[in-house]
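>>> Got a predicted structure plus its sequence, pasted below:
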Amino acid sequence: MKTKSLALYFIAALCALTSCKKATSSASTGNPAISLLNVSYDPTREFYLDINQAFQKVWQTKTGQSLDIKQSHGGSGKQSRSVIDGLQADVVTLALAGDIDSLAKEAKLVPSDWQTKLSNNSSPYTSTIVFVVRKGNPKGIKDWADLTTSGVQVITPNPKTSGGARWNYLAAWAWANKQFAGDETKILDYMTRLFKNVPVLDTGARGSTTTFAQRGIGDVFLSWENEAWLIEKEFPGKTEIVYPSISILAEPPVAVVEKNATKHGTTEVARAYLEFLYTDEAQELAGKHYYRPRNPAIAAKYHDKLPELPLVTIDKDFGGWAKAQKIHFDDGGTFDKVYGSH
Amino acid sequence: MSYRPVTTESAPVRLFLIACAVLVLALFLLLPLAAVFAEAFRKGWEVFLASLHEEAALSAIKLTLIAAGVSVPLNTLFGVSAAWLVTKFRFKGRSLLVSLIDLPFAVSPVIAGLVWVMLFGAKGWFPQSAMADAFAPAAHLAASLAEYQGFGWLFSDLAVWLADPKIIFALPGIVIATTFVTFPFVARELIPLMETQGSDQEEAAVTLGARGWHVFFRVTLPNIKWGLLYGVLLCNARAMGEFGAVSVVSGHIRGETNTLPLHVEVLYNEYQFSAAFACATLLAFLALVTLSLKTAVEYFSGHDASGKH
């Protein structure tokens, strides 16, 4: 009797299984749409949701083909690692050039001159690093100097895994470099004191956002400008944005993962997708999601939300990503020195 | 006749201890459960239903069911065979085998995921490109078999997969990781049970002329059925709830490789708290169903045992 019921369970499970399998196969064969996988970093979730919808329409009218765009989000460094390990991305839209460089260096998935394929260093929008503080700015945080005050808790993700965190780190470094006129001992001392005030290092920008905004940990959050405005929107009246005296021009780049796209036969649509990011329609969407549009006319429209401030650049002030990565973030770099003495 | 109560503590002390236990229970078990449901329904029924009906949520539910649907039967089969082997026979390396069965319990889920990336990743031991080359003849065979009527649906899918054998960041990787993590549940449940039962009844059956399969189905299986069911339930709960190992091999492609627990995290990170908790209630609901089934199993097995002896 009882053995029979067990046998029944097996049969039921088996049936459920095969019907599931059949359902998936018919779904995949019944739909001739081409599909594109965009592997991106953390704070772009809402932005690409809008972009994908807009581009699907454009592509449909242009070619008559219906297009399915899949998204994967996470810390920029971690995402880059996944693509190297075989995540079948057709395009990558990451937080910094260094993470696409490693696709070229480690796995030859993109050509080494990928950054010259699209205009503006292949970065259709830019951003910068700002401070988010609690409403009314109770700790009086105005500039980078205030971050080392004792008793101030600073929230930033881990520069080893997060692109935003690397921009944070370099922006702080740029301020200290100016403040201490390039005296490396003093800069390192400042950075060490800054990271002494960091209670947790999340792996990605979004993790840090929830740490700061949802869980209420920390006094100041070093954040992407777009993420800062998103917090303002999602948690109205809880936070304030503070623009420091100097920050860094963050250029989140995009690239077609040519090796994968060739294999999937998606090179053409992938390229069109990235070129679409430079069109007026997409530039407007960038501004709407608090990215700084490259198109000066459209950027001017969002000026009151995204004000001008002195910005250092990775190429002029740090000698490019390859150099910055080696000096600051590779094993034994300045970040290890700074955080090792935590 | 005066009787001596078992507890000698005064009433206030007893009351205090009971209150402590109730408080801990409420704080650590009931409060989180209540919070999940409260958060899920905070924006009303419509939002709750809509977030379960959304495309990405449905795909996550389907993926979770497939992963559990494959791994649970496999691990049941494996668990029963392993427990049978380990408890009814004595051989060299037996204790080593018992320890090996526990390996998935011992390693961190992150490692349980990373080993598969190490093995099947593009830079791993068996990268997709190398496997595609190795499988090319099989892919051809499957493709030609697919042309025969009746088997088309089976072989055409197989041919597509063999031509481009994706393991990690796709369904097979998720199934493998889930199976690996839930490997020991059934065996762990059965080994102590079968150990205490000994092999007297089987030996008796053999002396009466029963053969291998006969002994298994008529003697062993009826003895272990409740333990087996209990193990299967636990295995299923973990298979559907596994986060760590699956997170490593998933690639987090929305609507494709996110299981239900991963989908909950994605929604939470997108500030869709109500939707996140709506999906979490599905998992909580599964936990409650498992728990009540488990209680039922314990109740019936208790009755069964007392009826027999």
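Cool, got the structure. Numbers count the residues shown, from 1 in each chain, chains lettered A, B, ... in the order given.

>>> C-alpha only now, for contacts and for neighbours.
Noted.

>>> Spell out which parts of the stretch 1-150 of chain B neighbour chain A.
Counting by CA under 8 Å from any CA of the partner chain, the stretch 1-150 of chain B comes close to chain A at B:62, B:66, B:69, B:70, B:73, B:117, B:121, B:122, B:123, B:124, B:128.

>>> Keep only those of the residues you listed that are in helices.
The helices, defined by DSSP state H, take in B:62, B:66, B:69, B:70, B:73, B:117, B:128 from the residues of the stretch 1-150 of chain B next to chain A.

>>> Just give the number of residues close to the fourth one.
Right, residue B:70. Using other CA atoms under 10 Å in any protein chain shown, residue B:70 is surrounded by 20 other residues.

>>> for residue A:227, what are its contacts?
Contacts for residue A:227 (CA atoms under 8 Å, 6 or more residues apart in numbering or on different chains) come out as A:43, A:209.

>>> Make sure I have this right: it is in a helix.
Yes. Membership of residue A:227 in a helix is supported by DSSP: H, G, I helix; E, B strand; the rest coil.

>>> Give me the three-state assignment for residue B:168.
When classified by three-state DSSP, residue B:168 comes out as coil.

>>> Now do the closest residue to it other than its chain neighbours against residue A:177, distance only.
Using CA to CA, 6 or more residues apart in numbering or on different chains and skipping the chain neighbours, the partner closest in space to residue B:168 is residue B:249 (5.4 Å). Distance from residue B:249 to residue A:177, counting by CA to CA, to the nearest Å: 41 Å.

>>> With neighbour numbers in mind, choose between those two.
Per other CA under 10 Å, whichever of residue B:249 and residue A:177 has more neighbours is residue B:249, with 32 against 18.

>>> My read is that that one contacts residue B:115, right?
No. Residue B:249 is beyond contact range of residue B:115, at 9.5 Å (criterion: CA atoms under 8 Å).

>>> Mind telling me what element residue B:52 is part of?
Taking DSSP states H and E as the criterion, residue B:52 maps to helix B:44-53.

>>> Show me how far that helix is from its chain's centre.
How far helix B:44-53 lies from its chain's middle: 27 Å, per CA atoms, centre = their mean, to the nearest Å.

>>> what pLDDT does the nearest residue to residue A:253 once chain neighbours are set aside get?
The shortest distance from residue A:253 to any non-neighbouring residue, by CA to CA, 6+ apart, is to residue A:123 (4.2 Å). For residue A:123, the model assigns a pLDDT of 96.

>>> what stretches of the chain score poorly on pLDDT?
Using chain A. Within chain A, the ranges that satisfy pLDDT under 70 run A:1-32, A:341-342.

>>> wrong chain, I was asking about chain B
Residue ranges of chain B with pLDDT under 70: B:1-2, B:5, B:149, B:303-309.

>>> Kindly report the domain assignment for it.
With domains defined by automatic domain parsing, chain B comprises B:45-121+B:168-308, B:124-166.

>>> highest average neighbour count across those domains?
Across the domains of chain B, averaging neighbours per residue (mean count of other CA atoms under 10 Å in any protein chain shown) puts domain B:45-121+B:168-308 on top, at a mean of 19.

>>> List the backbone torsions phi and psi for residue A:37.
Note on residue A:37: its backbone torsions stand at phi -110, psi 120 [degrees, to the nearest 10].

>>> picking that back up, now for the ones in helices among the residues of the stretch 1-150 of chain B next to chain A, which pair is the farthest apart?
Spanning the widest gap among those are B:73 and B:128, at 27.0 Å by CA to CA.

>>> Am I right that residue A:132 sits in a strand?
Yes. Under three-state DSSP, residue A:132 falls within a strand.

>>> pretty sure it contacts residue A:240?
Yes. Look at residue A:132 against residue A:240 with CA under 8 Å: they come within range, at 5.7 Å.

>>> For these two, work out which one has more neighbours and name it.
Set side by side, residue A:132 and residue A:240 show more neighbours around residue A:132, with 29 against 19, by other CA under 10 Å.

>>> what residues are up against that one?
A:220, A:221, A:222, A:223, A:228, A:239, A:240, A:241, A:242.

>>> Likewise for residue B:117?
Listed by CA under 8 Å, 6+ apart, the contact set of residue B:117 reads A:85, B:124, B:168, B:248, B:249.

>>> ok, which pair from those is furthest apart?
Farthest apart among those by CA to CA are B:124 and B:248. That separation is 14.6 Å.

>>> Can you tell me the number of residues neighbouring residue A:161?
23.

>>> Please read the previous query as pertaining to residue A:178.
Residue A:178: 12 surrounding residues under other CA under 10 Å.

>>> got the CA coordinates for the helix or strand in which it is found in CSV?
Assigned by DSSP H and E, residue A:178 falls within helix A:163-179. Extracted C-alpha coordinates of helix A:163-179, given in CSV (Å, rounded to 0.1, in the frame of the first residue of the first chain):
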residue,chain,number,x,y,z
GLY,A,163,33.2,50.0,-10.2
GLY,A,164,31.5,52.9,-8.3
ALA,A,165,33.8,52.2,-5.3
ARG,A,166,36.8,52.6,-7.5
TRP,A,167,35.6,56.0,-8.7
ASN,A,168,34.9,56.9,-5.0
TYR,A,169,38.4,56.0,-4.1
LEU,A,170,40.0,58.0,-6.9
ALA,A,171,37.8,61.0,-6.3
ALA,A,172,38.9,61.0,-2.6
TRP,A,173,42.5,60.6,-3.8
ALA,A,174,42.2,63.5,-6.2
TRP,A,175,41.0,65.8,-3.5
ALA,A,176,43.8,64.7,-1.2
ASN,A,177,46.3,65.0,-4.0
LYS,A,178,45.3,68.7,-4.4
GLN,A,179,45.0,69.4,-0.7
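
>>> Helix or strand next in line after it, which one?
Counting by DSSP H and E, the next helix or strand C-terminal to helix A:163-179 is helix A:184-196.

>>> Packing partners of that following helix?
Contact here means 3 or more CA pairs under 8 Å, 6 or more residues apart in numbering or on different chains; DSSP states H and E; on that basis helix A:184-196 packs against helix A:163-179, helix A:334-340.

>>> To residue B:58, which of these lies closest?
helix A:163-179 (31.5 Å).

>>> Pull out the buried residues from the closest one.
Going by neighbour count (16 or more other CA atoms under 10 Å in any protein chain shown), the buried part of helix A:163-179 is A:163-177.

>>> Run through the strands of chain A in chain order.
Taking DSSP state E as the criterion, chain A carries its strands at A:34-41, A:67-74, A:91-93, A:125-126, A:129-134, A:154-155, A:220-224, A:239-242, A:247-248, A:254-256, A:292-293, A:311-312.

>>> The longest helix seen in chain B vs chain A: in contact?
Counting by DSSP H, the longest helix found in chain B is helix B:273-308. No. Using CA under 8 Å from any CA, helix B:273-308 stays clear of chain A, with a minimum separation of 10.5 Å.
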